[in-house]
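> heads up, no residue letters with this:
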């Protein structure tokens, strides 16, 4: 979306006079402390692609501050503050003039990169703590709400493994064993049954439940076997 074209100065000035809503906020130049939270909230909450506007140099009722403002300095300060946001939020800052005074309009789109955080996320790489890349952050978020996450928090613990072997003639047999979960990633899970037997399963073939009798995770795996 080319929001420079779609949001003209007249449109922005018109929105400035509207009541504050989910997608408009006004700040005076002495009240920039919450600007980072506002930009992050816009990016995380608005429908993807919808422009939100933070006006700097305006009162809550839409009136502009009637004083000389160094908007170049304001923009530099805002840019420095927004460097703490992870992943970075794209925005456009434009100085508007209503004929009596000026105001800075900071245009933020509802972001397809959400969620954004007012600070970086870190991961361990060897003996060092490093900022997570966008790809690593996406994986961390996916882990939180996924089968991968649920299994990974049980690594090193025992689980009940129920395996259903399906044969080519549509018959099947089932086994139930105890194994220790030794590894898991977004593609497969590895379990150890004893000192000599380690096996891996495609994560897509595994379903989760809970063994209430043994009070441990229970995995239901499906395997296809030839006769």
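Here it is on my side, so go on. Computed from a predicted structure; not experimentally measured.
> Span of stretch 139-150 from start to end?
Stretch 139-150 has an end-to-end distance of 14 Å (criterion: CA to CA, to the nearest Å).
> May I ask which helix or strand encompasses residue 137?
Assigned by DSSP states H and E, residue 137 belongs to helix 134-144.
> what sits against the residue positioned nearest the centre of the chain?
Centroid-nearest residue in the chain, with CA atoms, centre = their mean: residue 115, separated by 3.0 Å. Taking CB atoms under 8 Å, 6 or more residues apart in numbering as the criterion, residue 115 is in contact with 44, 141. Heads up, the C-betas are built off the backbone N, CA and C, glycines and all.
> if we can go back for a sec, show me what the helix or strand following the helix holding residue 137 is packed against.
Using DSSP H and E, the helix or strand that directly follows helix 134-144 along the chain is helix 147-152. Here helix 147-152 touches helix 134-144, strand 172-184, strand 206-211, strand 216-225, going by 3 or more CB pairs under 8 Å, 6 or more residues apart in numbering; DSSP states H and E.
> cutoff 7 Å now
strand 172-184 (3 or more CB pairs under 7 Å, 6 or more residues apart in numbering; DSSP states H and E).
> List the strands paired with the helix or strand following the strand it packs on, with their directions.
Using DSSP H and E, the helix or strand that follows strand 172-184 towards the C-terminus is strand 188-192. Strand 188-192 has the following sheet partners, assigned by DSSP bridges: strand 172-184 (antiparallel), strand 198-202 (antiparallel).
> Mind checking those for the one nearest to residue 93?
strand 172-184 (44.5 Å; CB to CB).
> Touching the closest one from outside, list them.
148, 151-152, 154-166, 189-193 (CB atoms under 7 Å, 6 or more residues apart in numbering).
> Tell me if I'm right that residue 42 and residue 51 touch.
No - using CB atoms under 7 Å, residue 42 makes no contact with residue 51, being 9.0 Å away.
> okay, the two: which has more neighbours?
residue 42 (27 against 21; other CB atoms under 10 Å).
> Spatially nearest residue to that one (excluding sequence neighbours)?
residue 52 (3.8 Å; CB to CB, 6 or more residues apart in numbering).
> Next, that neighbour: phi, psi?
For residue 52, the backbone dihedrals (degrees, to the nearest 10) come out as phi -110, psi 160.
> Please name the residues that touch it.
Residue 52 neighbours (CB under 7 Å, 6+ apart): 23, 42, 46, 108.
> Would you list the phi and psi of the third one?
When read as degrees, to the nearest 10, the backbone of residue 46 gives phi -70, psi 150.
> in the chain, what spans have low per-residue confidence?
1-6, 20-21, 142-145, 227 (pLDDT under 70).
> Let me see the domain layout of it.
Domains of the chain are assigned by automatic domain parsing as 3-109, 148-225.
> Output these in TSV, with distance to residue 130 appended to each entry.
Converted to TSV, the domains of the chain look like this (distance: least, CB to CB, whole Å):
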stretch	distance to residue 130
domain 3-109	13
domain 148-225	20
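> among those domains, which is nearest residue 121?
domain 3-109 (6.3 Å).
> gap between stretch 202-222 and the chain center?
Here the centre of stretch 202-222 is set off from its chain's centre by 28 Å, with CA atoms, centre = their mean, to the nearest Å.
> Which of the residues in that stretch are classified as buried?
203, 205-206, 211, 217-219, 221-222 (16 or more other CB atoms under 10 Å).
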